[in-house]
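**Q** Coordinates only, no sequence provided:
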């Protein structure tokens, strides 16, 4: 097999299929310094953004019975952008220079794009809520539309932020990550609003919102399962197979974030008298699942950056489907983690040992 | 070879000051703004002396990292980091396919690969493209530099780099990496690592000149029997892939890139902004339409206003 680099004929040693060679198993790329504050922001930002969309849609299409939901949605939007901003600044390693984010605009940097999405979203959301509270209905109606548009950006730009890196797990499937974050944000917002409506004894709006959550969770489930397959096929799923992340990803993101809400809300849609308990249970599960999804993706990405085989599989010139089966197993990685660096052995020897095992 | 003509002007042991355009004497190149400068690192010439690592640390006043032994051949540096901007990799090919000691040597190369790794100063640099503050910028010498007085330590450049070069310093909370000796270039001096390299494994110069020199070197090595020599990061070679353009700091390697901890076909991170955003926004639009329809149906349907008496 020869590499496809115009104007160069690669020597066979460089063009052969990738068989798991690494430099002492050392990471080939650096993991992001992002921690739980960033994954929490991704969740809170998505929740706030989608809540603003639902509030605006409720105001425009939902009629008078959606008024309470609209007010709640506007509160979540303002509260979410405030909490989100604090989380983001706290995650900087030189936080007192946070305003340098506003020095420039860079269209290649989702973090720069996001700075302005968050600023616009927070501003318009504050105007919409303030005007609403002061009884200035027309101002609130005018401000909510740009706020909702920015809210769509809030729900999804974080997927672009993670995808536009060299971290194997994040870079492998940009489109699916966008779909998952969008669906999860909408599901979380509908769920949060539904819980508040249930608490306020407004079962009808809660039921309407549960339908929205049902649709969003279905999209999330489909995209999640597809992403799972794609990560395996591309050989970047090693990090997600570690026990603690596996639980977060499967039990948290997939079961709680999608399967349980679909079950609860689906059941409630077909029975004659919907159960409040089921509705609240489904909503809380969706909220917890949304947070688990962001934590699993963030932690999984940081872990995957430390697994050079994952990065090298993703950066082969040939399509990932035509690559030979992967060599280093998770078990092998664990061993390296426990016994320090492994001495260099040529690929062929390593294949033999991994086959023996 | 030979002595550069201007060298005779500075024959004294003690000079009154810095020689203007000293790089002309040490690297045969004038350093002028607007031109593209870089490194050609020929790993077949590397003897693993780590003079580049030391020279870099000294000139840039970088603190020591971890002084322990790593047990990975003579590589006790490990990787490039906030405080290490040159890193010499050592790959000992001490055992053959059956675990036996290799007895034959490749022509013009021992069974020991050594490579001085450095920031690649990519043509389309993902770190620069990711930086939301403008702390990372492209200099007049076509190199990529972090301004520590602007950086707010967001750390987004760290995962953006396809080669694992940029790093946040825990000491000052800012990102750091090789500057290709920006300050020295301003003063007409060759970068410290290249100047200190005793075998000219690290060559500094204008990128187009270096590429030509490197291509000639590959032809030369092939003619001498070292058929596994190839360029990494020069235009249209491995490393210069996925929209990165060429790498201003490129390499001559003799084994597959992964052996040196380099990806064969890295990609530009910014390529993935549009797909993720578009897919996400299309999903949002679909779900918003669904929600609007559900709300409208609820308003018009039998469970319309008033059933629970909550009209505001």
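**A** Right, received. Where do you want to start? Quantities reported herein were computed from a predicted structural model and do not represent experimental measurements.

**Q** Leaving out sequence neighbours, find the closest residue to residue B:117.
**A** Among residues not flanking residue B:117 along the chain, residue B:87 sits closest, at 4.6 Å (Cβ to Cβ, 6 or more residues apart in numbering or on different chains). Yep, even glycine has a C-beta here, placed from its N, CA and C like the rest.

**Q** pretty sure the one you found is in contact with residue B:78, am I right?
**A** Yes - if you go by Cβ atoms under 8 Å, residue B:87 and residue B:78 touch, sitting 7.4 Å apart.

**Q** Just want to know which of these two has more residues nearby.
**A** residue B:87 (21 against 18; other Cβ atoms under 10 Å in any protein chain shown).

**Q** Against chain A, how distant is that one?
**A** Distance from residue B:87 to chain A, counting by Cβ to the nearest Cβ, to the nearest Å: 11 Å.

**Q** cool, residue B:71 as well?
**A** Taken as Cβ to the nearest Cβ, the span from residue B:71 to chain A is 6 Å.

**Q** so that residue, which of the three states?
**A** Classification of residue B:71 using DSSP: H, G, I helix; E, B strand; the rest coil returns coil.

**Q** And the strands in the stretch 201-312 of chain B?
**A** Listed from the start of the chain, the stretch 201-312 of chain B has strands (DSSP state E, counting those that start in this stretch) covering B:202-206, B:230-232, B:249-253.

**Q** so what's the closest residue to chain B within the stretch 201-350 of chain A scoring on pLDDT?
**A** With Cβ to the nearest Cβ, the shortest gap between the stretch 201-350 of chain A and chain B falls at residue A:315, namely 3.6 Å. Residue A:315 is assigned 93 on the pLDDT scale.

**Q** Report how many residues lie close to the residue of the stretch 201-312 of chain B found nearest chain A.
**A** Across the stretch 201-312 of chain B, the shortest distance to chain A (Cβ to the nearest Cβ) belongs to residue B:280, at 2.8 Å. Around residue B:280 there are 30 other residues, counting by other Cβ under 10 Å.

**Q** Quick check: chain neighbours aside, which residue is closest to it?
**A** Nearest one to residue B:280, counting by Cβ to Cβ, 6+ apart, is residue A:156 at 2.8 Å.

**Q** same question, residue A:148
**A** Nearest non-adjacent residue to residue A:148, counting by Cβ to Cβ, 6+ apart: residue A:56, 3.9 Å away.

**Q** List the residues that contact the closest residue to the residue of the stretch 201-350 of chain A closest to chain B other than its chain neighbours.
**A** Leaving out its chain neighbours, the residue that sits closest to residue A:315 by Cβ to Cβ, 6+ apart is residue B:263, at 3.6 Å. By Cβ atoms under 8 Å, 6 or more residues apart in numbering or on different chains, the contact set of residue B:263 is A:28, A:311, A:312, A:315, B:162, B:163, B:239, B:257.

**Q** pLDDT wise, what is the first one at?
**A** Spelled out, it's residue A:28. Residue A:28 is given a pLDDT of 97.

**Q** these two touch, right, it and residue B:260?
**A** No - Residue A:28 is beyond contact range of residue B:260, at 9.8 Å (criterion: Cβ under 8 Å).

**Q** out of the two, which sits in the busier spot?
**A** The residue with more neighbours, out of residue A:28 and residue B:260, is residue A:28; 28 against 21, by other Cβ under 10 Å.

**Q** Noted, bye for now.
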